[in-house]
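[1] Sequence and predicted model, in that order:
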Amino acid sequence: MKKGNLHYIVAASRVILFDFDGPICSLFAGVSAGEIAELLIGVLRSRSAVVDRDAFDASDPLDVLQYSARFGPSVVADVEDELIRAELEVVRSAAPTPAGAEAIRSCVESGRRAAVVSNNAASAVVDYLSNRGLDTFVHTVVGRTYGAPQRMKPSAEPVERALEALSAKPSAAVLVGDSPGDILAAQAAATASIGFANRPSKWRRLAAADVIIDDMAELAAALDSAPVE
């Protein structure tokens, strides 16, 4: 753990918002994200889109989806439909993040509520949670808005939707994420943030987080030690 005080942030919280791919699982453990991105690029080309690979990260399916927005709503829909199909497929081979499920359970057992706020399709997140027996611990799942990639994190909107569903104030919430977009979304929504540096390279990228951890067991332990009265 580095920077800030994890126990102080957790003690002040009443809801924990978890990003999905990273804190909870490795979504592309069985199939590389690059393979999915190439499928989406193929959809763009099938729609006669001029693909400038320098304009997006060709290894990131979500970046390809965002890039597709320049070609209009119907192209976005085609790309998103293919992405959802792929997410529902790859989620079957997703690898659980060590102590990710433990952190969710500790959240609820400590008297708090848990939500998932993800740029992935909500249907894929729900499938994973159900298959892992975590659905009963998660109050709300907020996935990306169909056909509107500009509304994904780092936009504050997904975080605000989760807070509304939980009837929670931003000051009582913490977002746990492993990308700069997660941290920016938390800041935009005025919630605290915990950066999950699941790779050494992420420490610098997550520098804006209120606190950074490299093991979800740290979060689980902090939740266990600060139950809500």
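    Now that the structure is in, tell me what you want to look at.
[2] Just the C-alphas of the helix or strand containing Ser106, formatted as CSV.
    If you go by DSSP states H and E, Ser106 is part of helix 100-109. In CSV, the C-alpha atoms belonging to helix 100-109 read as follows (Å, rounded to 0.1, in the frame of the first residue of the first chain):
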residue,chain,number,x,y,z
GLY,A,100,-11.4,-9.9,-5.3
ALA,A,101,-14.4,-11.9,-4.2
GLU,A,102,-13.2,-11.8,-0.6
ALA,A,103,-13.2,-7.9,-0.8
ILE,A,104,-16.8,-7.9,-2.1
ARG,A,105,-17.9,-10.3,0.7
SER,A,106,-16.0,-8.3,3.3
CYS,A,107,-17.7,-5.1,2.0
VAL,A,108,-21.2,-6.6,2.7
GLU,A,109,-20.3,-8.4,5.8
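[3] What residues sit buried inside it?
    The neighbour-count check on helix 100-109 (16 or more other CB atoms under 10 Å) flags 100-108 as buried. Yep, even glycine has a C-beta here, placed from its N, CA and C like the rest.
[4] Quick one: mean pLDDT over the lengthiest helix in the chain.
    If you go by DSSP state H, the chain has its longest helix at helix 73-90. Taken as a whole, helix 73-90 carries a mean pLDDT of 97.
[5] Just the residues contacting that helix, thanks.
    27-28, 30-31, 36, 39-40, 43-44, 46-47, 49, 61, 64-65, 68-69, 120-121, 123-124, 127, 146-147, 149 (CB atoms under 8 Å, 6 or more residues apart in numbering).
[6] which element follows it toward the C-terminus?
    Trace forward from helix 73-90 with DSSP H and E and the next one is strand 95-96.
[7] What mean pLDDT does that next one get?
    For strand 95-96, mean pLDDT rounds to 98.
[8] Show the pLDDT at Lys3.
    The score at Lys3 is 56. That number is its pLDDT.
[9] Likewise for Glu229?
    So Glu229 comes in at 75 (pLDDT).
[10] Quick check: nearest residue in space to it, chain neighbours excluded?
    Once flanking residues are discounted, Glu229 sits nearest to Gly111: 7.5 Å by CB to CB, 6 or more residues apart in numbering.
[11] mind listing the strands in this protein by residue range?
    15-18, 25-26, 95-96, 113-117, 138-142, 173-177, 192-196, 211-213 (DSSP state E).
[12] C-alpha coordinates for the longest helix of the chain, CSV please?
    Written as CSV, here are the backbone C-alpha positions of helix 73-90 (Å, rounded to 0.1, in the frame of the first residue of the first chain):
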residue,chain,number,x,y,z
PRO,A,73,-24.6,5.4,-34.6
SER,A,74,-25.2,2.4,-36.9
VAL,A,75,-21.5,1.6,-37.0
VAL,A,76,-21.2,2.0,-33.2
ALA,A,77,-24.2,-0.4,-32.8
ASP,A,78,-22.5,-3.0,-35.1
VAL,A,79,-19.2,-2.8,-33.2
GLU,A,80,-20.9,-2.9,-29.8
ASP,A,81,-23.1,-5.9,-30.7
GLU,A,82,-19.9,-7.8,-31.7
LEU,A,83,-18.2,-6.7,-28.5
ILE,A,84,-21.1,-7.8,-26.3
ARG,A,85,-21.1,-11.2,-28.0
ALA,A,86,-17.3,-11.5,-27.4
GLU,A,87,-17.6,-10.3,-23.7
LEU,A,88,-20.3,-12.9,-23.0
GLU,A,89,-18.0,-15.5,-24.5
VAL,A,90,-14.7,-14.5,-22.8
